[in-house]
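In: Fold the stuff below for me.
(2 chains)
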Amino acid sequence: MEFQLSADDAAFRDEVRDFVRENLAPELKRKVEMGQEPDKEEIVRWHKTLLEKGWAAPNWPKEFGGPGWSPMQKHIFDGELAAGSAPQPMPFGLSMIGPLIIKFGSDEQKKRYLPRIVNGKDWWCQGYSEPGAGSDLASLQTKAVRDGDHYVVNGTKTWTTLAQYANMMFCLVRTSNEGKRQQGISFLLVDMAVHGVTVRPIQTMDGGREINEVFLDSVRVPVENRIGEENKGWTYAKVLLGFERTGIAAIGRSKKLLLKVREIAASEPMGEGTLNDDPDFRLKIAEVEVDLLALESVVLRVLAAEAAGREIGPEASLLKIKGTEIQQSISELLFEAIGNYAHPYVPEALETGWNEDPIGPDYAASLAPQYFNWRKRSIYGGTNEIQKNIIAKRVLGL
Amino acid sequence: MDVAPTEEQRLLRESVDRFIDSDYTFDKRREWAASDGGFSADNWATFAELGWLALPIPEDHGGLGGSLSDTVILSRAFGRGLVVEPYLSTVIVGAGLVAAAGSEAQRNDILPKVAEGDMKLAFAHSERQSRYDLFDVATEARADGDGFVLTGQKAVVFNADTADRLIVGARVSGGRRDRAGIGLFLVDPRADGVTLRAYPTQDGGRAAEVALNGVSVGSDAVLGSAEDGLAAIELVVDHALIALSAEAAGAMEALNRQTGEFLGTRKQFGVPIGTFQVLQHTAVDMFMEQELTTSLMERAAASVSGAPAVRAKAAAAAKFHAGRAGKFVGQRAVQLHGGMGMTDELPVGHYFKRLAMIDVTYGTADHHLKRLATMD
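Out: The predicted structure is shown next:
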C-alpha cells in the first residue's frame, strides 16, 4: 500500500533517490547496511555533501539555510535517505537546538550558532538528564549561579549521547529554588572546550560507547548564552521536545530495516529452504509491517495538519511510543532471524578496518548488540511510561 | 507428583545458594568471564569437590546418580549467579551423551574423569544450515578401515576451546535431514584436521567455529552404534532444555529481586517509583512469569524418565515458557531501571542478555511452540 504522491512529490522523491545513490560513498553505505556506527568524520563528510546541494538543514526555514520544503517533502527526504542507507543526520544541532534558537534565540545567537550548525562546524549534545533526575526531569540539581556577566555552573549531566564528539552542549540548569520546580530552570548553551567540563564515557551493555556523563565543575558560561529569559527554560525545553515529533517515529528507517529482515530471512537456511519459507516468521514480519503502515498513516495526517498551519499537541507522544515499539520489534526479528549466529560477540567486526572473515553470515555481528542497545529507545527522550502519562492527562483528560 | 524437595535436595540447594551468594560475586564473575578460557579453573575444582560434577553421573561410573530434578537445583542457582563455568556443556550434555550412548568401556573411561573435574567436553553438533533441527546434519563420517574420517563445519560450539574432547555429530549414512544415520564421535580438539576459531559470546560465555577437515578417528571413538545417535542426542538435548529453563528461572529470580530493590529505593517525583501502580503491576507480571517458569521447569524435570514422547513434550513446554517469560522479564527489568538498566556496569543488562541468549540456545520459544503444536 503506497500513498499516491503528486507528480511534483514523485519527481522530488526521484531527485533525492538519485542524489543519494550518486553521492553516498560506497564504504559508508555498506557500514550503515551492516549496522556499524559511522564515525564523526564520516557523518560530517556526508553532512557537507548534503550542504553543497542545499539539503543540510531540511527542517529549517529558507532564511536560515533550509530548503523551504513542505512537510511532505521533508517526510519523503527522510524516507529516501533511510532507503539509500545514508547515515542519520547530526541530530542535536539540526533537529533540536537549531529550531529552538530560530524560535527563541536572540539575533546575536542566531547569527552565531545557526550558520555553524548548517555548515557542520558544531556538534551539539544535550544536557538534560542527571543521575537524580530522569523521568522527573524537573528535579534537576545542576546549579547556575550568577557572577557578573557569567553563570558559574556546577553539576552532573548523564546519558549524554555522543558527547565525545560534541563541542557544544545545550543544557537545563537550576537558577532558582523558589516557586514550582519547573519555574527555576534556565536554558544555557555551553562551550565544551571551556575549563571545568569533563566527559566520561558510560559503556552500555551491548559494548557500545555512545553515551556519557558530563561533569560541570565551576564552568563559566556567559549570560549571553542563555536562551530566552532566566527561569523560563522549562517552557523552551518542552517546545524543543515537540520538534522531533515526526522524526522520532523514524518511519523511513524502520521501513528500510523491515526490508533487511526479509533479505536476511531469504538467506538464512532453514529446513529444505530458507527462513523466508517459514509462515510463522512471515506472520511476525507482516504484523510489524501493518503496525508501521498504521503509524505512517498517523504521521502523514500530522504532516498534513502542519502544512495547514495547525500545531500538533501532546498526541505526538503516540509517535514516540509506537515508533520505538516498532523499532524494538524489528530488532527482535533480526536477532531471532540469525539463529545460532546471534551468540558470537565480535565487537571488532563493527569497527572500521576489520577485514577478517566474518563469523557466520556477514550481517550477523551487529544484530544481537543492536537488539540489546535498542532497549534504550523506550527509555530515552522521556520513557514510554511518561509518554503514556502525557497522553492520559493531556489528550484523554484523565 | 511429589513437589516437596527431599532432604538431600534441600541441602544441595543450601550449598549452591551459599556458593553463589558469597563466592560468585558479579565483579569476580566479570573477571572470570574475561580470562583465558572464560571461566575459573578454581571454581571448576570446587564444583568437583562439592560433588556437583558427579551429581548426574551414574553411581557405577564414579557419580552420585542424581536425577534431573537434582541437577536443576544447581542450574537454577547458576542462572541466578550468571555462572560461566561449562557445566551444561561438560556435565549435562557431554557426560549425558557418553552415559546415554557410550559403550561400557567409554563410560568407564570418561565419566569418572568428568566427575573428578579432570575432563571437559563440548558438543559439536549444530551447523550453519541446521538452525535448531537436531537431525539436520551435513558433516560427513566416511568409513575408513575400522574407523571413520570426519569432514564438515560445526557452528557455535559452546566451550570448545577449553574442552578435552569434542563430541561430534556426523552423518554416516542417509540424506542431510534423515533421522537415521547420525553417529556421535569422540574427537580430540588437537587432532590433525581440527581447527577451532574461538570467540566470546554475547552473554559472557565462550564458543567456537569448529572445522573438521578429514579428521581420522578409530572405531573406539564412536559413541555406541554409529548409525543411531539421534535418540541419545534428543534425550540429552531435552535435559539441556530443562536445565536452560532452570537457568532462566534463576536469572528471572535475580532480576526480579534487583528490580524490586530498585523500585523501592529509586526516587522520582519525591517518592520511590515503586509506589506508582503501573510499575507495581509490571513487577507483579514479572513475578508471575518467574513462578510459572520455575514450576513448569520443575515438573518437566520430574517427568524426563517417562517415555520419549512425554519427555520431549515436557522439555519443549518448559523451554518455550522460559524463552517467552525470560524475554518479558528481561526487557521489563531493563525498562524499569531506566538508563541504569542500559549500562554495562549494573548486573541488570547482563541478566537480560543471558535470558535473550538462553532463548536462542537449542531453539527459541517459537521453535518449541511449533514443535508442541505438532505433537500428539
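
In: And A:Pro38, how far from B:Val210?
Out: Remark: distance between A:Pro38 and B:Val210 (Cβ to Cβ, to the nearest Å) = 34 Å. For glycine as for every other residue, the C-beta is placed from the backbone atoms N, C-alpha and C.

In: Same drill for these two, tell me which one is more crowded.
Out: Higher neighbour count among A:Pro38 and B:Val210: B:Val210, with 27 against 18, using other Cβ atoms under 10 Å in any protein chain shown.

In: Doesn't the more buried one lie inside a strand?
Out: Yes - the assignment for B:Val210 is a strand, going by DSSP: H, G, I helix; E, B strand; the rest coil.

In: Now it: closest residue in space, sequence neighbours ignored.
Out: B:Lys154 (4.1 Å; Cβ to Cβ, 6 or more residues apart in numbering or on different chains).

In: What helix or strand is the one you found located in?
Out: Assigned by DSSP states H and E, B:Lys154 belongs to strand B:147-158.

In: I'd assumed A:Trp124 was in contact with A:Ala166.
Out: Yes - contact criterion Cβ atoms under 8 Å: A:Ala166 and A:Trp124 qualify, at 5.9 Å.

In: Now for these two: what residues contact both?
Out: Residues touching both A:Ala166 and A:Trp124 (Cβ atoms under 8 Å, 6 or more residues apart in numbering or on different chains) are A:Phe92.

In: Name the SS class of the closest residue to A:Arg282 other than its chain neighbours, please.
Out: Leaving aside its sequence neighbours, A:Arg282 sits nearest to A:Asn276 (Cβ to Cβ, 6+ apart; 7.1 Å). Under three-state DSSP, A:Asn276 falls in the helix class.

In: So A:Asn276 versus chain B, what's the distance?
Out: Plainly put, A:Asn276 is 13 Å away from chain B if you go by Cβ to the nearest Cβ, to the nearest Å.

In: Please tell me I have it right and that residue contacts A:Pro269.
Out: No - in this structure A:Asn276 lies outside contact range of A:Pro269 using Cβ under 8 Å: 10.5 Å.

In: OK, contacts around A:Thr158?
Out: Counting by Cβ under 8 Å, 6+ apart, A:Thr158 makes contact with A:129-131, A:202, A:212-214, B:339.

In: now, among those, which is nearest to A:Phe243?
Out: When these are compared for distance to A:Phe243 (Cβ to Cβ), A:Ser129 wins out at 18.1 Å.

In: got the contact list for the closest residue to that closest one other than its chain neighbours?
Out: Once flanking residues are discounted, A:Ser129 sits nearest to A:Trp159: 4.8 Å by Cβ to Cβ, 6+ apart. By Cβ under 8 Å, 6+ apart, the contact set of A:Trp159 is A:129, A:202, A:211, A:380, B:339.

In: I'd guess A:Trp159 is in a helix, am I close?
Out: No - the assignment for A:Trp159, made by three-state DSSP, is strand rather than a helix.

In: any idea how far A:Glu130 is from it?
Out: Taken as Cβ to Cβ, the span from A:Trp159 to A:Glu130 is 9 Å.

In: where do the helices sit along the chain?
Out: In the absence of a named chain, this looks at chain A. A:7-23, A:26-33, A:40-53, A:71-83, A:91, A:98-104, A:107-118, A:233-243, A:251-267, A:279-307, A:316-337, A:367-373, A:384-390 (DSSP state H).

In: To clarify, I was referring to chain B.
Out: Using DSSP H, the helices of chain B run over B:7-18, B:26-34, B:41-49, B:68-81, B:87, B:96-101, B:104-116, B:230-265, B:277-302, B:308-337, B:347-359, B:365-374.

In: quick one, domains of the chain?
Out: With no chain named, the answer covers chain A. Domain ranges of chain A: A:7-89, A:124-233, A:245-395, per automatic domain parsing.

In: The intended chain is chain B.
Out: B:7-120, B:122-228, B:231-374.
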